[in-house]
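> generate coordinates for the sequence data below:
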Amino acid sequence: MNEIMNAKKILLLAVLPAAAAASLFAKSLEGEYVGRVDAKEAHFKDNPLIAAQVYREGDKYKVGIYPDLWRRAPAYAKFDADAKSRKIDFDCGGWLGFKGTITESGIVGEAAYSTKDGKKSAPMKLKKIDRKSPTLGMRAPKGATVLIDGKSFDEWESASGKPIQWEIVGDGSVKVSDKKEQWVGIRTKKKFKSLRLHVEFMTPDERSKPLGQGRGNSGVFVGGFEVQVLDSFGAEGVWNECGALYKYMPPQINASLPPEKWQTYDIEYRAPVFKGGKIEKYPRITVFHNGMKIQSDIELRENTANGSAYRALALKDEPVSISLQNHQNPVRFRNVWVEEIE
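Take a look at the predicted model:
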């Protein structure tokens, strides 16, 4: 597992129906771009790396240009563009300026910067990257319990006690469904103490909505502790967005991928330790999102909850269920398995 986690991250077009073609066309510029500015002086001499992110919100592309995508760096520049565009031409100013063109393969342009002799510019070039989780498709180790294999819900029960209404998609995944029971999640029949949990999930195409809690919302719970699932590609990565210990701790970085791409959580949970009926050690959790560590051995002294009135811990010296949330968004899950650890 550790070796995999530490691995270095870094069209053919068929004839499509008009609606499908329009959908593909509208998403073609969405993604992440990385590259450098080839400057011999001033700011970009010591800071040549540059990155950009393009995501869709309604009928607009939202574009951000950054010194780094995954270290919460403030943006150099942000701007909007028509989401129907095949390419985006931009010219945005500030103490650093950027001018260029975004296409499906990358960004080419120039960056302007100030020197003692006045404003100068240097070429910049960024390549579009296709980032995938290094643990995507990872098989359950010997002795682990496979919770979702896309064939049945044998390991689960509905939180309502009624038959599970979620859908088996037929491609190895299951999908949240609220057609008959709204807001009703599922939980494992078996309970666990300390564990390693692998989850693969996909947020749906809800790009017509603004970023927020209405896009691809679900959650992975270990007992009362939730790791938030949300379409947060392009978001800030705050305490209620993807990878957060919900309203308890924001992710260290926003490692989210765009909607309709498979993502992974790899979670290690250490159960509380009791002595003489009293808690001696609080539970702790570490979370990797798409191979990037976003929560590092966090001590859980409060519940993850929507509101301070629900934060009080009621820990017991007993195993807990794993749960998947129904937040009325058709999020999909596949290849979910759990391994008990000492």
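
> next one: phi and psi at the residue of the chain most remote from its centre?
Here the chain reaches farthest from its C-alpha mean at Asp117, the gap being 44.0 Å by Cα atoms, centre = their mean. With angles defined as degrees, to the nearest 10, Asp117 sits at phi -100, psi 10.

> and the pLDDT for it?
With respect to pLDDT, Asp117 scores 89.

> what do you get for Gly94?
With respect to pLDDT, Gly94 scores 76.

> dig out what the closest residue to it other than its chain neighbours forms beta bridges with.
The shortest distance from Gly94 to any non-neighbouring residue, by Cβ to Cβ, 6 or more residues apart in numbering, is to Ala77 (6.1 Å). From N, CA and C alone the C-beta is placed, and that goes for glycine too. On the basis of DSSP bridges, Ala77 is bridged to Ile65.

> which residues touch Ala77?
Gly64, Ile65, Cys92, Gly94, Leu96, Phe98 (Cβ atoms under 8 Å, 6 or more residues apart in numbering).

> could you dump these to CSV with distance to Asn303 and neighbour count?
Output for these, formatted as CSV (distance: Cβ to Cβ, whole Å; neighbours: other Cβ atoms under 10 Å):
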residue, distance to Asn303, neighbour count
Gly64, 33, 18
Ile65, 39, 24
Cys92, 43, 15
Gly94, 43, 10
Leu96, 43, 20
Phe98, 44, 23
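
> Throw the residues you listed into TSV and include distance to Lys175, thanks.
Output for those, formatted as TSV (distance: Cβ to Cβ, whole Å):
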residue	distance to Lys175
Gly64	31
Ile65	36
Cys92	40
Gly94	43
Leu96	44
Phe98	40
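
> all helices of the stretch 101-250 of the chain, in order?
In the stretch 101-250 of the chain, no helices are found when defined by DSSP state H, counting those that start in this stretch.

> domains for this structure, by residue range?
As assigned by automatic domain parsing, the chain contains the domains 28-129, 145-340.

> how much space between the spatially most central residue of the chain and Asn290?
In the chain, the C-alpha nearest the mean C-alpha coordinate belongs to Ser256, at 2.7 Å (Cα atoms, centre = their mean). Going from Ser256 to Asn290 by Cβ to Cβ, to the nearest Å gives 8 Å.

> out of the domains of the chain, which is closest to Gly137?
Comparison of the domains of the chain against Gly137 by Cβ to Cβ identifies domain 145-340 as nearest, at 6.7 Å.

> avg pLDDT for the closest one?
Mean predicted lDDT for domain 145-340 stands at 93.

> mind checking the end-to-end distance for that domain?
With Cα to Cα, to the nearest Å applied, domain 145-340 spans 9 Å between its terminal residues.

> need the domains of the chain in JSON lines (columns: distance to Gly137).
Output for these, formatted as JSON lines (distance: least, Cβ to Cβ, whole Å):
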{"stretch": "domain 28-129", "distance to Gly137": "19"}
{"stretch": "domain 145-340", "distance to Gly137": "7"}
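
> most packed of these?
Ranked by mean neighbour count, the domains of the chain are led by domain 145-340 with a mean of 18 (mean count of other Cβ atoms under 10 Å).

> what sits against the residue farthest from the centre of the chain?
Contacts of Asp117 by Cβ under 8 Å, 6+ apart: none found.

> where does Ala112 sit relative to Ser321, distance-wise?
56 Å.

> for Asn254, that is, sorry about that
28 Å.

> Gly185 too?
According to Cβ to Cβ, Gly185 stands 10 Å off from Ser321.

> and if you look at Ala271?
Counting by Cβ to Cβ - Ala271 and Ser321 are separated by 13 Å.

> what does Gly150 give?
Taken as Cβ to Cβ, the span from Gly150 to Ser321 is 21 Å.

> hang on, His43 in a strand?
No. Assessed with DSSP: H, G, I helix; E, B strand; the rest coil, His43 is helix; it does not lie in a strand.

> all numbers from here: first residue = 102
Shifting the count to begin at 102 puts that one at His144.

> so who does it touch?
Leu197, Tyr214, Ser215.

> quick check: it vs Ser222, distance?
Going from His144 to Ser222 by Cβ to Cβ gives 12 Å.

> what touches both of those two?
Common neighbours of His144 and Ser222, using Cβ under 8 Å, 6+ apart, are Tyr214.

> the longest strand along the chain pairs with which strands?
In the chain, assigned by DSSP state E, the strand with the most residues is strand 219-230. Under the criterion DSSP bridges, strand 219-230 sits next to strand 132-138 (antiparallel), strand 207-216 (antiparallel) in its sheet.
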